[in-house]
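Peer 1: pasted the sequence and its predicted model underneath.
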Amino acid sequence: MLIIGIAGGTGSGKTSVARSIMERMGDANAVLISQDSYYLDHSELSMEQRERINYDHPNAFDNELLLQHLSRLRDGETVEIPVYDFTVHARSSETETVEPKQIVIVEGLHVLSDDHLRSGLDIKVFVDTDADIRILRRVVRDIQERGRTLQSVVDQYLMTVKPMHDAFIEPSKKYADIIIPEGAENQIGIRMLTTLTERYRKHGKL
């Protein structure tokens, strides 16, 4: 099994890069796991308390559970991944069944920020996109998909998103084996990564 970790700032295009690889590999050969699914559950808190949590800090994620799931997938086991509801800042009662595949892609903000999580990755990728493009994508996504207001998106960006990016995400770029500027727009970078993945799929080695 080959596990690829794809990190990058909010709105960098890491999900689009991951999906591009998935399209080329096919569902029969690869599976995509989002680190967002592993936000710690705070359903015991009030909505007001949940809204004050810093969701852009590495400690907001249950990386221990993610690592356990990656280890079980390597062992050929099926896992039940949490489903996170961003509209209420809590985990859903549902889970997603994920079966082991030859290629496992893990994408998320802090995939490269945690040294233990990095140790479970075979290829480490960082998607590097200009900050102005990233914030515009974040605004559109959070308003259209997560039910946020423009003011709440702006406040969160200034209070936690940018400071956490500067403190944790940008420095994690040094751990990347491959850096892909401009995300899914960089077709050459995606082809290079896909070629490595396809070589592993066919020959069992990079």
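Peer 2: Everything's here; your move.
Peer 1: and for Leu45, the neighbour number?
Peer 2: 14 (other CB atoms under 10 Å). C-beta: built from backbone N, CA, C; applies to glycine.
Peer 1: what about the residue lying closest to it once chain neighbours are set aside, neighbour count?
Peer 2: In space, Leu45 comes closest to Ile53 once its chain neighbours are excluded; the distance is 8.0 Å by CB to CB, 6 or more residues apart in numbering. Ile53 has 16 neighbouring residues, counting by other CB under 10 Å.
Peer 1: export the helix or strand of the chain with the lowest mean pLDDT as CSV, just CAs?
Peer 2: When each helix and strand of the chain is scored by mean pLDDT, DSSP states H and E, helix 131-145 comes last, with a mean of 78. C-alpha atoms of helix 131-145 as CSV (Å, rounded to 0.1, in the frame of the first residue of the first chain):
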residue,chain,number,x,y,z
ALA,A,131,-2.7,33.8,-0.1
ASP,A,132,-5.1,36.1,-2.0
ILE,A,133,-6.4,33.2,-4.1
ARG,A,134,-6.7,31.0,-1.0
ILE,A,135,-8.8,33.5,1.0
LEU,A,136,-11.2,34.1,-1.9
ARG,A,137,-11.7,30.3,-2.3
ARG,A,138,-12.3,30.1,1.4
VAL,A,139,-14.9,32.8,1.4
VAL,A,140,-16.9,31.1,-1.4
ARG,A,141,-16.6,27.6,0.1
ASP,A,142,-17.6,28.6,3.7
ILE,A,143,-20.6,30.7,2.6
GLN,A,144,-21.9,28.3,-0.1
GLU,A,145,-21.1,24.9,1.6
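Peer 1: which parts of that helix are buried?
Peer 2: For helix 131-145, the buried set under the neighbour-count rule, 16 or more other CB atoms under 10 Å, comprises 131, 133-135, 137-139, 141-142.
Peer 1: helices or strands up against the longest helix seen in the chain?
Peer 2: Counting by DSSP state H, the longest helix found in the chain is helix 187-203. Helices and strands touching helix 187-203, by 3 or more CB pairs under 8 Å, 6 or more residues apart in numbering; DSSP states H and E, are strand 2-8, helix 14-25, strand 103-107, strand 123-128, strand 178-181.
Peer 1: and the angle from the least confident helix or strand of the chain to strand 123-128?
Peer 2: Computed with axes from the mean of the first three to the mean of the last three CA atoms, to 10 degrees, the direction of helix 131-145 lies at 100 degrees from that of strand 123-128.
Peer 1: residues in contact with helix 131-145?
Peer 2: 9-13, 86, 148-150, 152-154, 157, 161-162 (CB atoms under 8 Å, 6 or more residues apart in numbering).
Peer 1: which elements pack onto whichever strand in the chain runs longest?
Peer 2: Using DSSP state E, we find that the single longest strand of the chain is strand 90-98. With contacts taken as 3+ CB pairs under 8 Å, 6+ apart, strand 90-98 sits against strand 79-85.
Peer 1: elements contacting the strand it packs on?
Peer 2: So strand 79-85, by 3+ CB pairs under 8 Å, 6+ apart, packs with helix 63-74, strand 90-98.
Peer 1: CA atoms of it as PDB?
Peer 2: Output of strand 79-85 as PDB, limited to C-alpha atoms (Å, rounded to 0.1, in the frame of the first residue of the first chain):
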ATOM      1  CA  VAL A  79     -12.300   1.100   8.800                       C
ATOM      2  CA  GLU A  80     -15.200   3.400   9.800                       C
ATOM      3  CA  ILE A  81     -14.300   7.000   9.300                       C
ATOM      4  CA  PRO A  82     -16.100   9.800  11.200                       C
ATOM      5  CA  VAL A  83     -18.400  12.100   9.300                       C
ATOM      6  CA  TYR A  84     -18.000  15.700  10.500                       C
ATOM      7  CA  ASP A  85     -20.900  18.300  10.200                       C
END
